[in-house]
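A.B. asks: Here's my sequence, what's the structure:
(one chain, ligands or ions: 2)
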Amino acid sequence: MFQVKLTAPYTFETEEAEKPRPAEGQVLLKVCSVGICGSDIQMYHGRHKYMTYPVVIGHEVSAVVEETGAGVRDFAPGDRVTVEPQIFCGKCYPCLIGRFNVCEKLEVMGVHRDGFCREYAALGASYLHRCPADMKEEWPALMEPLAVGVGSVKRGGDPRGANIAVVGAGTIGNCAAQAAKAMGAAGVLIADISAPKLEFAERCGIEHCADTTKTSLADAIGRAFGPRGADVIIDAVGVPASLSSILGAARRSSVVVVTGNFKEPFSLEVPIIQRQEISLVGHMMYVREDFADAIRLAGSGAVNLGGLITQRFPIARGPAAALKGAFEFIDAHPAQVMKAIVTFS
Ligand SMILES: [Zn+2]
Ligand SMILES: [Zn+2]
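C.D. replies: Ligands and ions are numbered 1, 2, ... in the order given. Down below sits the predicted model:
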């Protein structure tokens, strides 16, 4: 079988590897498609702080069970699955309180360990989630970003009846806004500076879509939610300007959830946080229930993922070149890309 390694910034190499055999408790997966994520792009650019080359990238995977090892009862050949790619210790304090996503020894497949840009992978059954058999073949790869969206909404508290604003209409922001709506928010607003991303959010049924090149976030929230304002604001961008505008638009007693990846420290209007009793909470990836919720929401149609995949790059011929082509396309056309995937069939 082949696998593709990112060996240095901007450099992919195809490698022949032996097809793995599932050990006891493991499942052999045949990979169908892999989503390309913002963190993959950081790795490609050599700007990811916590990884080392070489690595098989890819942590958003759609796969089919090919074979099961001894002792595996929950999965059978032919099952459509996705992988929750976090590897945690289960012993540190965050693990003991159920926040495995911030385990002190957390490693992520496709970042710290080999991921899924390869034909087959064998891994423990506990990392898998079964997806409905009638789910579109590529959608299991979208459960990872959707789980991030679900997790970010939950970090804001109980979404039922809440007014929730999401800043950033890329994949994570879109998933967070759709998840908020599906999980019972009273009102959902999404804001961005990209017209195509806002149009897409509108097509997904988000009722308030604000172009912040034309209006301030505070005004958009006022128009959408009235005097009550936003109970929760999710930062799905992760640049100083986004979080500063969020603090300016937050109501007294709002919860602000930071799920975007900030690259550098910067100074913040802390007096607003203190005087207005704003709760500023960080959010990282997901826990297992968030993944299960993502699959349930997508499977029931409460979240619409149709159209989220904007580009497909077949990997069958010249895998390294296909990946390189995909990343070059994303670099050259950021406005056109919601989610690009590489397909193996
Ligand atoms: Zn991802
Ligand atoms: Zn741990």
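A.B. asks: C-alpha only now, for contacts and for neighbours.
C.D. replies: OK.
A.B. asks: Tell me who's in contact with whatever residue of the stretch 201-345 of the chain ends up closest to ligand 2.
C.D. replies: When distances are taken as CA to the ion, the stretch 201-345 of the chain reaches nearest to ligand 2 at V287, 12.4 Å away. V287 makes contacts with 98-101, 151, as judged by CA atoms under 8 Å, 6 or more residues apart in numbering.
A.B. asks: could you redo the last one with a cut-off of 6 Å?
C.D. replies: For V287, the contact set (CA atoms under 6 Å, 6 or more residues apart in numbering) comprises N101.
A.B. asks: switch to numbering from 138
C.D. replies: Sure thing, new numbering starts at 138, so read that last one as V424.
A.B. asks: can you give me the helices for the stretch 288-437 of the chain?
C.D. replies: When secondary structure is read from DSSP state H, counting those that start in this stretch, the stretch 288-437 of the chain shows helices at 308-319, 332-340, 354-362, 377-386, 407-412, 425-437.
A.B. asks: Packed most tightly, which of these would that be?
C.D. replies: Ranked by mean neighbour count under mean count of other CA atoms under 10 Å, the helices of the stretch 288-437 of the chain are led by helix 308-319, which reaches a mean of 28.
A.B. asks: show me what contacts K186?
C.D. replies: By CA under 6 Å, 6+ apart, the contact list for K186 is empty.
A.B. asks: any chance of the helices of the stretch 288-437 of the chain in CSV, plus mean pLDDT and distance to F225?
C.D. replies: Below are the helices of the stretch 288-437 of the chain laid out as CSV (pLDDT from 0 to 100; distance: least, CA to CA, whole Å):
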stretch, mean pLDDT, distance to F225
helix 308-319, 98, 23
helix 332-340, 95, 34
helix 354-362, 98, 38
helix 377-386, 96, 30
helix 407-412, 96, 33
helix 425-437, 97, 12
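A.B. asks: can you tell me the helix or strand for the residue nearest the centre of the chain?
C.D. replies: For the chain, P282 is the residue whose C-alpha lies nearest the centre (CA atoms, centre = their mean; 2.3 Å). Using DSSP states H and E, P282 falls within helix 280-292.
A.B. asks: tell me what that helix is packed against?
C.D. replies: Identification of packing neighbours for helix 280-292 by 3 or more CA pairs under 6 Å, 6 or more residues apart in numbering; DSSP states H and E yields helix 308-319, helix 425-437.
A.B. asks: ok, now how distant is E275 from A200?
C.D. replies: Distance, E275 to A200, by CA to CA, to the nearest Å: 9 Å.
A.B. asks: Tell me which of the two has more neighbours.
C.D. replies: A200 (31 against 19; other CA atoms under 10 Å).
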